[in-house]
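Trainee: below is the sequence, then the predicted model.
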Amino acid sequence: MTQTDLLEKFSAIAELRRGLLAGGRDPTALVTESLRSPTEGLINGRNTILAGTNNYLGLTFDPACIAAGKAALDAFGTGTTGSRMANGSFAGHGALEREMADFYGLPHGLVFSTGYAANLGMLAALLGPGDAVLLDADAHASLYDGCRMSGASIFRFRHNDPASLDARLRRLGSQARRALIVVEGLYSVLGDVAPLTEMVAIKKAHGAYLLVDEAHSLGVFGATGRGVAEAQGVEAEVDFTVGTFSKSLGATGGYCVSANAVLPLVRYTSRPFIFTASASPSVIATTRAALAQLRARPELRTRVWANAERLHAAFTTLGLNLGAPPSPVVAVRFAQRDDAYQCWQQLIDAGVYTNLMMPPASPDGSSLLRVSCSAAHTFAQIDAIVAAFKDIVAPVQRRTSTPVVSA
Amino acid sequence: MSNIEQTLLALLTEALVRERELAPELDLDTDFVSGLGLESIQVMEFVMTVEERFDIAIDLDTLSTVKSIRDLGAVVAKAKAVTP
């Protein structure tokens, strides 16, 4: 079929939306009306346990972070009204860059307005036409988009599969020295972790570079919360670490840290860094306060893991089809798309919010409910989530017990 | 039909049978998206299998011009010619 009108492409989307609305609730249009805590909000007028956020350390209502944000509003106003390159670099932006670099024990840090912009901005700066990028097949959309924006040749390799990465680098031959490997630490949908140790060995063998997105692992993995590379002891081999302030640090914004002296040069060449307004001073201030909390309170990490282990163990006992070993992201997989959708709705009616993931936004074409743990969840809340899954999800999973084979 | 095209047809038929438990009607010019109803991500998954079968590398940009087995066959033949 050839499209004849500019806007004809929307008819397929309208169709998709009609389908979503026919089922009852539009999973993309849910509103949290108010919040009582990092883990409890009002949805459809009902108190709901929030089990589908990225608030891993539960810092969004931390008194120190809120006080820092208020003080910055008073001192610096509501916004910078300009780019980092022009009038939009306030004292806080530079301080946060130094603090992020210090946290990682690295000389260079760069702060972007969002995590999406950080990935776009770093990849578009590091890569160009004639370069090659080796991208994990399950990588986040922002990583795909950054690669596309760069004009480099993009080669996908099988998710978390070092042999598949190795084969593609080998086929590149001498171009491998102009190659960047792009992976995530913790994958945000299935909750599985990249085998960085093996990937680092492959990177070295081919003389390529490595960028790791620790968006979901910052504050959660590693002895000091620097992410999966720290947990696996391979930080020295990661050339560029990117991540976001919008998950563990409870704000918005993105960053890159590196030992490589090119990072300070990225400021001059990265369009997503230059051609956007810098983050508001209050956002920078709450991020800095949250980073200080992350560093000072390792018990937050202990708590989120205790909740994750408790949830994962209970789900395993219920016989649910899980996506990965325990982590703060626990994915429950469904063979039928409609089962996932119905369970998602019933869980909301029962006062539990989870994330519904359906193709094409989910990996390997399966549908799933993503449950995420926070350090701010109480054991009572975790047990309430488990009870709801026992009533609503377990019977469905027993009925359609064909396991979805993990890729 | 070239050997490459024959292999690609067999691989795609096998993948579709696995996915849909149904042998598709398929020839060299069947459009992956409008003819077979594949999503772009499914086409990318299939191409990964093709890369492994022929031990070649196909970048996503090249893939964006591929609509059918005939197109893909040309890409594979070209990649094999430059890969030692």
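Mentor: Yep, it's here. Residues are numbered from 1 along each chain as shown, chains lettered A, B, ... in the order given.
Trainee: residue contacts, A:Cys373?
Mentor: A:Ala51, A:Tyr56, A:Val304, A:Asn307, A:Ala308, A:Leu311, A:Pro328, A:Val329, A:Val330, A:Ile382 (C-beta atoms under 8 Å, 6 or more residues apart in numbering or on different chains). C-betas here are computed from N, CA, C, even on glycine.
Trainee: which one (most neighbours) among those residues?
Mentor: Counting neighbours by other C-beta atoms under 10 Å in any protein chain shown, the top entry in the contacts of A:Cys373 is A:Tyr56, with 33 neighbours.
Trainee: among the contacts of A:Cys373, which are located in helices?
Mentor: A:Val304, A:Asn307, A:Ala308, A:Leu311, A:Ile382 (DSSP state H).
Trainee: what is the neighbour count of residue 6?
Mentor: Using chain A here. A:Leu6: 7 neighbours (other C-beta under 10 Å).
Trainee: correction: the question concerned chain B.
Mentor: Neighbour tally, B:Gln6, other C-beta under 10 Å: 13.
Trainee: ok, A:Thr316 next?
Mentor: So A:Thr316, with other C-beta under 10 Å, has 12 neighbours.
Trainee: which strands and helices sit next to the strand or helix carrying it?
Mentor: In the assignment (DSSP states H and E), A:Thr316 maps to helix A:299-317. Counting contacts by 3 or more C-beta pairs under 8 Å, 6 or more residues apart in numbering or on different chains; DSSP states H and E, helix A:299-317 is packed against strand A:329-334, helix A:379-399.
Trainee: which residues touch the residue nearest to A:Thr28 when sequence neighbours are not counted?
Mentor: Excluding its sequence neighbours, the residue lying closest to A:Thr28 (C-beta to C-beta, 6 or more residues apart in numbering or on different chains) is A:Leu20, at 7.2 Å. Going by C-beta under 8 Å, 6+ apart, A:Leu20 touches A:Asp26, A:Pro27, A:Thr28.
Trainee: can you tell me the SS state at A:Leu20?
Mentor: helix (DSSP: H, G, I helix; E, B strand; the rest coil).
Trainee: quick one: it from chain B, how far?
Mentor: 17 Å (C-beta to the nearest C-beta, to the nearest Å).
Trainee: burial measure for A:Arg25, as a count.
Mentor: By other C-beta under 10 Å, neighbour count at A:Arg25 equals 16.
Trainee: who are the contact partners of residue 62?
Mentor: The chain I'm using is chain A. With C-beta under 8 Å, 6+ apart, A:Asp62 has these contacts: A:Gly250, A:Ala289, A:Ala290, A:Gln293.
Trainee: other chain: chain B
Mentor: B:Val75.
Trainee: same deal with A:Gln175?
Mentor: A:Ala132.
Trainee: secondary structure class for it?
Mentor: Quick answer, by three-state DSSP: A:Gln175 is helix.
Trainee: give me the pLDDT for it.
Mentor: With respect to pLDDT, A:Gln175 scores 86.
Trainee: what does the one 4 residues further on give?
Mentor: Each residue has a pLDDT score; the one for A:Ala179 is 97.
Trainee: what's the neighbour count on it?
Mentor: Neighbours of A:Ala179 (other C-beta under 10 Å): 24.
Trainee: any idea how far it lies from A:Leu126?
Mentor: 11 Å (C-beta to C-beta, to the nearest Å).
Trainee: what's the overlap in contacts for these two?
Mentor: With C-beta under 8 Å, 6+ apart as the test, A:Ala179 and A:Leu126 both reach A:Tyr209.
Trainee: residue ranges with poor pLDDT in chain B?
Mentor: B:83-84 (pLDDT under 70).
Trainee: ugh, wrong one, I meant chain A
Mentor: For chain A (pLDDT under 70), the answer is A:1-2, A:400-407.
Trainee: got the residues of it near chain B?
Mentor: For chain A, the contact set with chain B under C-beta under 8 Å from any C-beta of the partner chain comprises A:1, A:132, A:137, A:148, A:153-158, A:164, A:167-168, A:171-173, A:359-360, A:365.
Trainee: give the ChimeraX command for selecting the buried subset of those.
Mentor: In ChimeraX syntax, the buried subset of the residues of chain A next to chain B is picked out as below (16 or more other C-beta atoms under 10 Å in any protein chain shown):
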select /A:132,137,148,153,154,155,156,157,158,164,167,168,171,172,365
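Trainee: please flag which of the residues of chain A next to chain B sit within strands.
Mentor: A:Ala132, A:Ser153, A:Ile154, A:Phe155, A:Arg156, A:Phe157 (DSSP state E).
Trainee: and these, which two are furthest apart?
Mentor: Distance extremes for those: the farthest pair is A:Ser153 and A:Phe157 at 13.3 Å, using C-beta to C-beta.
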